[in-house]
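Colleague: Fold the following, please.
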Amino acid sequence: QLVESGGGLVQPGGSLRLSCEASGLTLHYYAIGWFRQAPGKEREGVSCISASGSGKNYADSVKGRFTISRDYAKRTVYLQMNNLKPEDTAVYYCAKDAPDPLGSSCRLDSDYDLWGQGTQVTVSS
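Modeller: All right, here's what the predicted structure looks like:
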């Protein structure tokens, strides 16, 4: 399973680091993606990291502000979010892609098949 944490309330311009901890999974077999869904809006892909960690993608709306990384020993994928804006407010989810052992690429439009429960991020003054 995947368990997200690290969400909360932060002022515009602030930072948060989200964590996605995997249990029962061999992380270097899977690309992991971060997604978000704001009230009344469709879910959108935010960022993904390949199974090997060498490939990363970001949505245009977060490029230069968000950074994805992974720690294999801790079985955890992180999303560092800096310079947060009110429009970043959403429930953030992590998800895993199909097996691709040590793969070097990831796609946000892939068919992710296991999702966490989500963590709320609210950016407001």
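
Colleague: hey, which strand is longest across this structure?
Modeller: strand 90-99 (DSSP state E).

Colleague: Nearest spatial neighbour of residue 23, chain-adjacent residues omitted?
Modeller: Take residue 23 and drop its neighbours on the chain: the residue closest to it by C-beta to C-beta, 6 or more residues apart in numbering is residue 1, 5.5 Å away. Any C-beta I mention is one placed from the backbone N, CA and C, and that applies to glycine too.

Colleague: So for that neighbour, what's the pLDDT?
Modeller: Looking at residue 1, its pLDDT stands at 91.

Colleague: contacting residues for the nearest residue to residue 22 once chain neighbours are set aside?
Modeller: Excluding the flanking residues, the one nearest residue 22 by C-beta to C-beta, 6+ apart is residue 75, at 4.7 Å. Shown in contact with residue 75 (C-beta atoms under 8 Å, 6 or more residues apart in numbering): 21, 22, 23, 25, 27.

Colleague: name the element the spatially most central residue of the chain belongs to?
Modeller: Centroid-nearest residue in the chain, with C-alpha atoms, centre = their mean: residue 34, separated by 2.5 Å. Assigned by DSSP states H and E, residue 34 belongs to strand 30-37.

Colleague: so what does that strand touch, helix or strand wise?
Modeller: The helices and strands touching strand 30-37, judged by 3 or more C-beta pairs under 8 Å, 6 or more residues apart in numbering; DSSP states H and E, are strand 16-22, strand 44-49, strand 76-81, strand 90-99.

Colleague: at 10 Å what do you get?
Modeller: strand 16-22, strand 44-49, strand 56-58, strand 66-71, strand 76-81, strand 90-99, strand 114-115 (3 or more C-beta pairs under 10 Å, 6 or more residues apart in numbering; DSSP states H and E).

Colleague: So which bits of the longest one are buried?
Modeller: Looking back up the chat, that one is strand 90-99. 90, 91, 92, 93, 94, 95, 96, 97 (16 or more other C-beta atoms under 10 Å).
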